[in-house]
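> Mind folding the following:
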Amino acid sequence: MAGVAGSRRPGRRAAAGRGPRGWVLAGLVAVLAVQVLLSVRLVWSDTAFQDEALYLWAGHLEWAHWLHGAPVPPFPAYFSGAPVLYPPLGALADSAGGLAGARLLSLVFMLGATGLLWGTAGRLFGRRAGFFAAALFAVLGPTLHLGAFATYDALAVFLVALAAWCVVRAGERQDATGWMVAAGVALAVANAAAYSYVLFDPVVIVLALLTAIPKPGGKTAAARGAILLTVVIVLLLAGVLLGGSSYLHGIGKTTVARVAGPDSPLSVLADAWSWTGLIIVVGVCGVVISWVLRERRALTWLLAVLTAAALLGPLEQARLHTAASLNKHVGLGAWFAAIAAGYAVDKLIAAAPAGRTRSLTCGACVVALAFPLSLGASQSRAFSTSWPDSASFTAIFGPLADHGSGHLLVEDPSIAEYYLPAGAQWQRWSSTRNIVLPSGASDGGPASAAGVTGDGNPGVFAEFITRGYFSLVALNFADTTPLDHTITADLRRTHRYRIIQVIPYGPHGTYVIWQHEPQQ
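Okay, the predicted model is just below:
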């Protein structure tokens, strides 16, 4: 049993209302079953999201590079995670089961995170606390969404959860070096898979420190934190040195010096609160209960840190004025806050008189889970259907791209690249953010002040259009609207392009396809 839980003697865990182990395991199985059912229903809810398509397409290209020496785009320069980690894993699942297979892989990771939460909270505060922590996390909208979303986020959440479980699993051992090394490796891989998740490294390190107080003691706690931090730093530095300057550039552009967006901080925080506010409130109750009961100071601080972790993602995105991917980035913080929430529910049940009253209180808490379950099911459905269905676009654009060999300009090319055979010929594809040359080099990219996702240079695009560089141009006037209008004017001005298709794309948008007609 970890140090912060030392207010209970080891022999009292089962007696403290935790119930037979078989019933608790049955409860965990029930939680995981509900999570599976609610996430699986989202797996076939829509076609691939742009990020899903991008990472899976990149993973297939990485495999072609490793197995056959095929060239690959400079993914490290603009990916927000190492392209050699999640994308190849996702591509393997995609090869086995298509997009659904890749999404189910994410579900496996999220189920693992829920199981690790049950183990972590249970080891700290007892099995009943572990059950409610896992149940609250499993039915959150962001959790259910990530379990049916083929990006690196589910993998990163699982790895950070694994690191947290390792530091808690070390317990009161005098020598926990092996556990700290294992936690450091998991944390470093999580950071490499998704750079922004380094935000939660301090939470895991503090967890390692506080769970060693009062036993085995302050010196051991400091040693654990030092070992964990050293392992993470050494592995990340080694990874950056192996990756080279392109990785440094990508980390800088996508994480360290990310360009601010157009959203107000208040709107970002309001959205995050609507998804994770309940678990934060219950976590705060856990902090208050610990303070009122005069628990060990390390325990109260630990609960406060765990609850505060749920604010890290929203505050960071509020600072950057962007709500992009916010529903993914609040999930890991909620994982930590759920531990404090589980403690709060456990203390509420324990406060009831032993016997029938306590059993009824526990049952009422289980029934009360229906509210977050209903809310999470509704929110996750909205998350997983919030982008346009691309089936019509790929069905019409596919034959045009696959039956030719010319260069293609598509506003959001990742979806078509993923679904179409022509996507393997990546040198043909340009976006409205940069132009890919026959050599594979890029031109016409956004200004450095715009980050990696800004609009391309209108003058460079005009030059390539005048030369007739693109055989097909597809614009949807959504992500790079000002540049799209400029490109449209350039296409009309040359008199060498004509509109051949206007395809509905989402409830209010269209994709306009232009084809180049060589002069006779």
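> Next, name the residue at the spatial heart of this structure.
D153 (2.4 Å; CA atoms, centre = their mean).
> quick one: which helix or strand includes that one?
Element membership for D153 (DSSP states H and E) is helix 152-169.
> which element follows that helix toward the C-terminus?
Per DSSP H and E, the first helix or strand lying C-terminal to helix 152-169 is helix 177-193.
> So which elements touch that next one?
Under the contact definition 3 or more CB pairs under 8 Å, 6 or more residues apart in numbering; DSSP states H and E, helix 177-193 sits against helix 152-169, helix 201-210, helix 218-243. In short, each C-beta sits where N, CA and C put it, glycine included.
> Spell out the residue ranges of the helices in the stretch 201-350 of the chain.
For the stretch 201-350 of the chain, the helices defined by DSSP state H, counting those that start in this stretch cover 201-210, 218-243, 245-251, 265-292, 297-319, 326-329, 331-351.
> got any ranges where the stretch 401-520 of the chain has weak pLDDT?
For the stretch 401-520 of the chain, applying pLDDT under 70 flags the ranges 447-453, 519-520.
> The chain now?
Short version for the chain, where the test is pLDDT under 70: 1-22, 447-453, 519-520.
> Go through it and flag its longest helix.
Scanning the chain for the longest helix, with DSSP state H as the assignment, gives helix 86-125.
> for that one, packing partners?
Judged by 3+ CB pairs under 8 Å, 6+ apart, helix 86-125 is in contact with helix 21-43, helix 50-68, helix 127-138, helix 141-146, helix 152-169, helix 331-351.
> So for G468, which of these sits nearest?
Closest approach to G468 among these (CB to CB): helix 50-68, 26.8 Å.
> That closest one: which residues count as buried?
51-64 (16 or more other CB atoms under 10 Å).
> same thing with stretch 270-282?
Across stretch 270-282, burial judged by 16+ other CB under 10 Å covers D271, A272, W273, W275, T276, L278, I279, I280, V282.
> Stretch 217-226 too?
For stretch 217-226, by 16+ other CB under 10 Å, it's T220, A221, A223, R224, G225.
> roughly how far out does that stretch sit from the chain middle?
Centroid separation for stretch 217-226 versus its chain: 31 Å, with CA atoms, centre = their mean, to the nearest Å.
> closest one to T143 among the helices of the stretch 201-350 of the chain?
Closest to T143 of those is helix 331-351 (CB to CB; 5.8 Å).
> Now do the following helix or strand past the closest one and helix 127-138, the angle between them.
Following helix 331-351 in sequence order, the next helix or strand is helix 356-368 (DSSP H and E). Here helix 356-368 runs at an angle of 20 degrees relative to helix 127-138 (axes from the mean of the first three to the mean of the last three CA atoms, to 10 degrees).
> Adjust the sequence numbering to begin at 770 for everything that follows.
Renumbered: residue one is now 770, and that last one reads helix 1125-1137.
> contact partners of the helix or strand just after helix 1125-1137?
For helix 1125-1137, the following helix or strand on the C-terminal side (DSSP H and E) is helix 1139-1153. With contacts defined as CB atoms under 8 Å, 6 or more residues apart in numbering, helix 1139-1153 is touched by 803, 807-808, 810-811, 814-815, 905, 908-914, 917-918, 1043-1044, 1047-1048, 1096.
> one step back: can you tell me which of the buried residues of stretch 1039-1051 is nearest A871?
Nearest member of the buried residues of stretch 1039-1051 to A871, counting by CB to CB, is W1044, at 23.6 Å.
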